[in-house]
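J.: Based on what follows, work out the 3D shape:
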Amino acid sequence: MPPIGWRAGAPSRWPTRPTNPRIIRAGGHPVVEVLERSAPAAGFTPTIAFHANDYREAQAMVSVGLGIALAPRTATVNQHPDVRVVSLGDTAPARRVLTAHRPGRVRAAAELALHDVLLETAASYA
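T.: Residues are numbered from 1 along each chain as shown. All right, here's what the predicted structure looks like:
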């Protein structure tokens, strides 16, 4: 997520620009691991400007020009008006969402309905 005024070359190249400070999720969030793996593979060490508690906070920081952020598509559904979401296309890593239930337990109707919604939503991102 770069700020609206961000201008550069091909959109798919923005996360590899070593001069852009990063805003990352706090608390060992999995998206940080993605950045820690992808930046060295692209030949740079990212500069971490701020740690955000959630993606809304990260978008607010991006909107005022404090840096850029890496976020899953599901975290940008409620997009800040001053932030531009740039797709990484086929280079974006897959995100796993898991559901679990105890074997032998009768599953409630609401649980079954939520499971169906999760499957439908996942299929729309495939």
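
J.: Point to the helix or strand of the protein where mean pLDDT is at its lowest.
T.: helix 30-41 (a mean of 85; mean pLDDT, DSSP states H and E).

J.: quick one, what contacts residue 54?
T.: residue 25 (C-beta atoms under 8 Å, 6 or more residues apart in numbering). Yep, even glycine has a C-beta here, placed from its N, CA and C like the rest.

J.: so how many other residues sit close to the residue nearest to residue 55 when sequence neighbours are not counted?
T.: Once flanking residues are discounted, residue 55 sits nearest to residue 75: 3.9 Å by C-beta to C-beta, 6 or more residues apart in numbering. For residue 75, the tally of surrounding residues (other C-beta atoms under 10 Å) stands at 20.

J.: is it true that residue 71 touches residue 31?
T.: Yes: counting by C-beta atoms under 8 Å, residue 31 is a contact partner of residue 71 at 6.5 Å.

J.: quick one on the thing from earlier: from residue 33, how far off is the residue nearest to residue 55?
T.: 15 Å (C-beta to C-beta, to the nearest Å).

J.: what sits against residue 119?
T.: Taking C-beta under 8 Å, 6+ apart, one finds nothing in contact with residue 119.

J.: how far does the helix or strand containing it sit from the chain's center?
T.: Assessed by DSSP states H and E, residue 119 sits inside helix 109-125. Relative to its chain's centre, helix 109-125 lies at 21 Å (C-alpha atoms, centre = their mean, to the nearest Å).

J.: Please apply the same query to stretch 108-126.
T.: Distance of stretch 108-126 from its chain centroid, counting by C-alpha atoms, centre = their mean, is 21 Å.
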